[in-house]
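Q: Sequence first, then the predicted structure, then my questions.
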Amino acid sequence: MIIFPIKLYAINPLSKANDSINIGAELYKNICSNCHGNKAEGKDNGFFLSPSLKVFSKGYDEFLNILKHGYGRMPAWGGKGKLSKDQLNQLAAYLEYISSEEANWR
């Protein structure tokens, strides 16, 4: 009998915590909204199109990786300075809260 290992996914420890979601909303507003829009639906300023974060499909681990190291035009930490582990999780909690059903936060 062959047993395949189950892939374990990291889960945000602050997911679904109301206080974290509220703090994450403020972090989003101050750090991310300039490029991704006030409602995280992406933004086209004529020079580039930023993606909608409501349909983020890369999972929680990749979200953390992108924030820490950047991705494409997005600089590491959104160009705003490092965030603590709690702040990263609060931001992720907010985005997970407002995301569509197509999003993947696992």
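A: Yep, it's here.

Q: Please make it C-alpha for all contacts and neighbour counts, starting now.
A: Noted.

Q: For E101, list the residues it contacts.
A: Each residue near E101 by CA atoms under 8 Å, 6 or more residues apart in numbering is listed here: V55.

Q: What values do phi and psi take at it?
A: The phi/psi pair for E101 (degrees, to the nearest 10) reads phi -70, psi -20.

Q: Ok, P75 next?
A: Note on P75: backbone dihedrals following degrees, to the nearest 10 are phi -80, psi 160.

Q: Show me which positions of whatever helix or strand G24 lives in end up buried.
A: Assessed by DSSP states H and E, G24 sits inside helix 18-31. Buried residues in helix 18-31, defined by neighbour count with 16 or more other CA atoms under 10 Å: 20-21, 23-29, 31.

Q: tell me the mean pLDDT for that helix?
A: For helix 18-31, mean pLDDT rounds to 96.

Q: And for it, what's in contact with it?
A: For helix 18-31, contacts defined as CA under 8 Å, 6+ apart pick out 14-15, 38, 78, 80, 87, 89-95, 97.

Q: Please apply the same query to stretch 84-93.
A: Applying CA under 8 Å, 6+ apart, the set of residues contacting stretch 84-93 is 12-17, 20-21, 23-25, 27-28, 60, 63-64.

Q: if you set the cut-off to 7 Å instead, what comes out?
A: 12, 14-16, 20-21, 23-25, 27-28 (CA atoms under 7 Å, 6 or more residues apart in numbering).

Q: for those, which one is nearest S50?
A: Of all the contacts of stretch 84-93, S50 sits closest to Y28, with 14.5 Å by CA to CA.
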